[in-house]
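Asker: Pasting the sequence and the predicted coordinates here, then a few questions.
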Amino acid sequence: MIQRLAALPRETRDTLFLLAVVACCVAPLVAHVPPWASVLTALLLLWRGALAWHALALPRRWVTAALLALATAATFASFRTIAGPDAGVTLIVMLLALKTLELRARRDAMVVFFLGFFTLLSNFFFSQSLGVALVMLVALLGLLTALINAHQPAGRPALRDSLSTALRMALLGTPIMLALFVFFPRFAPLWGLPSNDLAGRSGLSGQMSVGAIAALALDDSVALRVRFLTPGGQPPPQASLYFRGPVLTAFNGREWFALSQPEARAVTWAAPSPAQLQVQGAPVRYAATLEASRRPWLLTLDVPSERPVLPQGTGAHMTPELQWVTNRPIMGVLRYEAESYLQFRHGPQQPTPQLRPYLQLPPGSNPRTVALAQAMRADAALAGRPTQAYVDAALQRLRTGGYAYTLEPGVYGEDTADEFWFDRKQGFCEHIASAFVVLMRALEIPARIVTGYQGGEMNGVDGYWTVRQSDAHAWAEVWMPERGWVRVDPTGAVSPGRIGTLQRLTAPRGALGEALDSVFSPSMLQRLRSVWEAMDNRWTQWVLNYTQERQLDLLQRLGLQAPDQEDLVRLLGLLVAATALVGVLWARLERLRTDPWQRLLAAVRKRVAREGLTLAPQLTPRAMAAQIGAHFDASAGPLTAWLLQLERARYGAHSADTPAQLRRALRRLRWPERGAA
């Protein structure tokens, strides 16, 4: 197979290499374009590769035109538009794949290169992680290699040589790239543009259907990284690590909604009760790095009393339900600092009409749960007791009633609370929290669901506390007179280890996972994951979070007093001018330098001139060999053979000799002696 690849015509070899590079450019986007686009792109690239392999004719232009129309129609059907980042990226991917079917001339190849570079840039719309950056670096070097190879139309240049040139170009451009990165004024990035596609993203939502968070438990990706700024960087007790997200109040019988969601208007129009936050004890200071979610939820440890310190241009406010919300969706990695109080009270201390939204249930829903609440109200042991007694009774029922904490409780019907309390008796955190809140409301106790993340784990490599999507959690808040809103986590009654020691449910291992476990120990895999996540976190902290504030701080450390954007522009202008001057000097030196092959021939002419033979500069290596052979005796044989070898290396199609190798061979030659001529 390798020999056949080596023996392919140059056009076929170059086409297959370019198709491989295109596939590398498109690969990171597979998770972000519609499935049909990924499948169609793969089929088009395979089709084009088969045509090149078998030296078949390219399809007619009407075929590509029909495919383009089909791709455009499918894009419009998927996004209801052909504008915007998501639809635009899908079209760019399709144009790149379709253009490979028109690789008839060098001009077509240039268009493919242009689209390839643009496709690489579009990866930043969706992810700026270290893994994606490494894939893009490989694709960039591949595109540069193909571009350099395309500018060598004669002969059969080795791809290895083109790659070497691409690497040298990249290394020479690295200082310029670093200078631009450090000193170019920081603005909102292009990939921070709003997107119409806020659905289908991993993470929390402003609504929750029973079973939704269980799906997140299968996602092991990082949601949040936290560095605690307390002495030693130690986190608070694990049982208190609640990172607050959307608060869900409106219930239509099967789904819960935040009051800010349009769907909540069909259930209740009442405004939530004011926060009335009171904090106690010492705050916990921390710096958080939140992964892009395309939603405005700002995850904070329950609960900050002051606005977190956010990058310039990013605003945030706290809702009456203590949720922090930014002024725009979080499209990229966001770093912020906050102080949270683990001991707090909030909400009204006495009954108020503003608590009514937290009592509403759909008429006729969950009748058995309502009957259970009536029975508890009629229980003489509970009659007249404070709200806490009813909460304790519900938690005791969860502890002793045979309830189970599981990722696979089965499909729930319409009356989800009835099914949990009386039929299935098993569920994930949102099943338990939803059933608990329905029971509290049936008991005429204001209650609501809070979603977020609970727990996490320490990365032993870099010391950051890592919160994953699998740590997504739902708990309840119950309003009590004289106390306000009180956190109640009913999942802890069913599975105490979930809250106290952060014991997580994990999905069953597939065949691949079991195979990896048989080859690598789980501890080694965990260590490798920690190292990789620490590297990715370092990339995030030092590269993606190089903000305008850090940029100005750098200028201040360089000696500028009170630097601003104008100082950055002036400094960048000086760097550009200096780089241009260096480039001019470099170009001048390059013009003075001769071709390495000509330098070898000049060395031969200079050496034989000492022996009395003057060779004209325009002579070819073969003509020089003829004159040297005629002028000297038989000792000129090695030199004439070397000249013929140089000619083959310079103009032949299959020689592997390089100027450096020929130079070393010339140094080892024994120079000829003057003959009788």
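Answerer: Perfect, I can see it now.
Asker: just checking, what packs against the longest helix along the chain?
Answerer: Counting residues, the longest helix found in the chain (DSSP state H) is helix 565-592. Counting contacts by 3 or more Cβ pairs under 8 Å, 6 or more residues apart in numbering; DSSP states H and E, helix 565-592 packs against helix 159-183, helix 548-557. All C-beta atoms are positioned from the backbone trio N, CA, C, and that covers glycine.
Asker: Direction-wise, compare the first one with helix 548-557 and give the angle.
Answerer: The directions of helix 159-183 and helix 548-557 differ by 80 degrees, with axes from the mean of the first three to the mean of the last three Cα atoms, to 10 degrees as the criterion.
Asker: For helix 159-183, list every residue counted as buried.
Answerer: 159, 162, 163, 165, 166, 179, 182, 183 (16 or more other Cβ atoms under 10 Å).
Asker: what do you get for stretch 409-428?
Answerer: For stretch 409-428, the neighbour count (16+ other Cβ under 10 Å) marks 409, 412, 415-421, 424, 426-428 as buried.
Asker: now the helices: where do they sit in the stretch 1-150 of the chain?
Answerer: For the stretch 1-150 of the chain, the helices defined by DSSP state H, counting those that start in this stretch cover 2-6, 10-26, 35-53, 61-79, 85-99, 106-122, 130-150.
Asker: least reliable of the ones you listed going by mean pLDDT?
Answerer: Averaged per stretch, pLDDT over the helices of the stretch 1-150 of the chain is lowest on helix 2-6, reaching a mean of 54.
Asker: I'd like to check which residues are in contact with the nearest residue to residue 183 once chain neighbours are set aside.
Answerer: In space, residue 183 comes closest to residue 572 once its chain neighbours are excluded; the distance is 4.8 Å by Cβ to Cβ, 6 or more residues apart in numbering. Listed by Cβ atoms under 8 Å, 6 or more residues apart in numbering, the contact partners of residue 572 are 179, 180, 183, 184, 185.
Asker: re earlier: can I get the buried residues of stretch 409-428 in a markdown table with pLDDT, secondary structure and distance to residue 274?
Answerer: Shown next, in a markdown table, are the buried residues of stretch 409-428 (pLDDT from 0 to 100; DSSP: H, G, I helix; E, B strand; the rest coil; distance: Cβ to Cβ, whole Å):
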| residue | pLDDT | secondary structure | distance to residue 274 |
| --- | --- | --- | --- |
| 409 | 75 | coil | 37 |
| 412 | 80 | coil | 34 |
| 415 | 87 | coil | 33 |
| 416 | 88 | helix | 31 |
| 417 | 91 | helix | 29 |
| 418 | 91 | helix | 34 |
| 419 | 91 | helix | 35 |
| 420 | 91 | helix | 32 |
| 421 | 92 | helix | 33 |
| 424 | 86 | helix | 38 |
| 426 | 87 | strand | 38 |
| 427 | 85 | strand | 33 |
| 428 | 85 | coil | 32 |
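Asker: ok, of the contacts of residue 572, which one's closest to residue 110?
Answerer: Nearest to residue 110, judged by Cβ to Cβ, of the contacts of residue 572 is residue 180 at 24.9 Å.
Asker: Identify the residues contacting the closest one.
Answerer: residue 572.
Asker: Could you do residue 574 as well?
Answerer: Applying Cβ under 8 Å, 6+ apart to residue 574 gives no contacts.
Asker: Kindly report the same for residue 487.
Answerer: Neighbours of residue 487 in contact, by Cβ under 8 Å, 6+ apart: 242, 302, 450, 475, 476, 477.
Asker: surely the third one meets residue 478?
Answerer: Looking back up the chat, that one is residue 450. No: the pair residue 450 / residue 478 is not scored as a contact, 11.0 Å apart, by Cβ atoms under 8 Å.
Asker: Now do the same for residue 452: helix, strand or coil?
Answerer: Assigned with DSSP: H, G, I helix; E, B strand; the rest coil, residue 452 falls in the strand class.
Asker: Number of residues surrounding it?
Answerer: Per other Cβ atoms under 10 Å, the neighbour tally for residue 452 reads 25.
Asker: Excluding chain neighbours, what is closest to it?
Answerer: residue 245 (3.7 Å).
Asker: Can you tell me the element that neighbour falls in?
Answerer: Residue 245 is part of strand 242-248 when elements are defined by DSSP states H and E.
Asker: and that strand, what other elements does it pack with?
Answerer: Short answer (3+ Cβ pairs under 8 Å, 6+ apart): strand 242-248 packs on strand 300-301, strand 447-454, strand 472-480.
Asker: now the last one against strand 447-454, angle please.
Answerer: If I follow you right, that is strand 472-480. 140 degrees.
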